[in-house]
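Asks: give the three-dimensional model of this entry:
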Amino acid sequence: MTKRVWTFFVPSWLPTPGKSAYRKAIAQLDQEIYSIIHQRRQSGESGKDDLLNVLLEAKDENGQSMTDKQIRDEVFTIFLAGYESTASSATWAAYLLSQNAIIADKVYEEVDRVLKGRMPEYMDLKELKYARMVLNETLRLYPAFPMYFRTSVEEDTVGNYVIRGNSAVILSPFATHHDSRFWSDPEKFDPDRFLPERFDHTARKAYYPFGKGQRICIGQDMSLATALIMIVAFVQKYEFSLVPNKNISPRYAMTYQPAEMPFLLKARSNS
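Replies: Modelled structure (predicted):
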């Protein structure tokens, strides 16, 4: 998929790099996913506390259940967008905390005060306000999807540019999130940007790690909750620092991820 991103504008009948491998990978995933769906349907199991069962039992307003194809599409979306992206965000957050001791200490203090040694749960998240600001700032600096694509419905004008109808449009949260017109000292890691008094109307319009409007990422809330629980659980258990003399470089593989991120971990005395 990463290779195909750069040739999205090429007619589909032209051979392009990665097309054959992409089709084989899709076929392999389809075989695996349809097999899981078929096995679950055949087993007659119900009441299992997992996503697949929620999808199998869902019904529309006419009482119709999803087809295997619809369930496959939902599973595929969660697998693609809800796994790698969340892992990348949590990793970048750990990196930024390892480089900013004062901010890390604030997170340690909040986590210890709110959780008092127990593992984080979903209901705790509303109390972990500073940790959430750390995650928001991480997504500003390192949005999981640094660019994505949209298709214009009809002709429009943006600034001095005319966009024709049915045109492919590339949007880049990464570019906007690092634009000094909207953010003071945009390269600085500063979670306090997301304090209510600072995160004003202009900042809100310039911040869109999950997109905006009608096509905003459907998994936004799940991704934020999962990433925040991961970060908090990590901070609760460990003191951590980067392995010395390692050059941390990002790479684009559909998500914006580090090529590697080696940490030294030390169990916290109160964990």
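Asks: can you give me the helices in the stretch 51-200 of the chain?
Replies: Counting by DSSP state H, counting those that start in this stretch, the stretch 51-200 of the chain has helices at residues 51-57, 68-81, 84-98, 101-115, 129-141, 173-177.
Asks: residue contacts, Leu224?
Replies: With contact set as C-beta atoms under 8 Å, 6 or more residues apart in numbering, Leu224 has these partners: Arg132, Leu135. No exception for glycine: its C-beta is placed from N, CA and C like everyone else's.
Asks: can we start the residue count at 49 from this point?
Replies: Okay, residue one is now 49; in that scheme the one you just asked about reads as Leu272.
Asks: so it, which of the three states?
Replies: Under DSSP: H, G, I helix; E, B strand; the rest coil, the three-state class of Leu272 is helix.
Asks: want to throw the helices of the stretch 99-248 of the chain into CSV with mean pLDDT and distance to Pro257?
Replies: As requested, those are exported to CSV (pLDDT from 0 to 100; distance: least, C-beta to C-beta, whole Å):
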stretch, mean pLDDT, distance to Pro257
helix 99-105, 90, 23
helix 116-129, 86, 12
helix 132-146, 92, 8
helix 149-163, 96, 19
helix 177-189, 98, 4
helix 221-225, 97, 5
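Asks: do you know which of those helices lies nearest Phe56?
Replies: Shortest distance between Phe56 and the helices of the stretch 99-248 of the chain, using C-beta to C-beta, is found for helix 116-129: 16.2 Å.
Asks: residues touching the residue nearest to Met278 when sequence neighbours are not counted, list them.
Replies: Closest residue to Met278 apart from its sequence neighbours, by C-beta to C-beta, 6 or more residues apart in numbering: Ala138 at 4.4 Å. For Ala138, the contact set (C-beta under 8 Å, 6+ apart) comprises Ala275, Met278, Ile279, Phe282.
Asks: just send the helices of the stretch 99-248 of the chain back as a markdown table, with distance to Phe258 too.
Replies: Formatted as a markdown table, those follow (distance: least, C-beta to C-beta, whole Å):
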| stretch | distance to Phe258 |
| --- | --- |
| helix 99-105 | 19 |
| helix 116-129 | 10 |
| helix 132-146 | 9 |
| helix 149-163 | 22 |
| helix 177-189 | 8 |
| helix 221-225 | 9 |
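Asks: which of the contacts of Ala138 fall within helices?
Replies: Ala275, Met278, Ile279, Phe282 (DSSP state H).
Asks: report the buried members of these.
Replies: Ala275, Met278, Ile279, Phe282 (16 or more other C-beta atoms under 10 Å).
Asks: got a list of what the first one touches?
Replies: Ala275 makes contact with Thr134, Ser137, Ala138, Ala141, Leu183 under the criterion C-beta under 8 Å, 6+ apart.
Asks: and it, what pLDDT?
Replies: On the pLDDT scale, Ala275 is placed at 94.
Asks: got the contact list for stretch 146-157?
Replies: Contacts of stretch 146-157 (C-beta under 8 Å, 6+ apart): Leu144, Leu145, Tyr178, Ala179, Val182, Phe237, Pro239, Val283, Phe288, Ser289, Leu290, Phe311.
Asks: what residue ranges in the stretch 199-319 of the chain score low on pLDDT?
Replies: Low-confidence segments of the stretch 199-319 of the chain (pLDDT under 70): 318-319.
Asks: what do you get if the cut-off is 80, keeping everything else the same?
Replies: The stretch 199-319 of the chain contains residues with pLDDT under 80 at 302, 317-319.
Asks: now the strands for it?
Replies: 204-206, 209-211, 216-219, 286-290, 298-301, 303-306, 311-315 (DSSP state E, counting those that start in this stretch).
Asks: out of the ones you listed, indicate the one that is most buried.
Replies: strand 303-306 (a mean of 20; mean count of other C-beta atoms under 10 Å).
Asks: around Ser297, count how many other residues there are.
Replies: Look at Ser297: counted by other C-beta atoms under 10 Å, it has 8 neighbours.
Asks: ok, and the closest non-adjacent residue to it?
Replies: The shortest distance from Ser297 to any non-neighbouring residue, by C-beta to C-beta, 6+ apart, is to Ala307 (5.3 Å).
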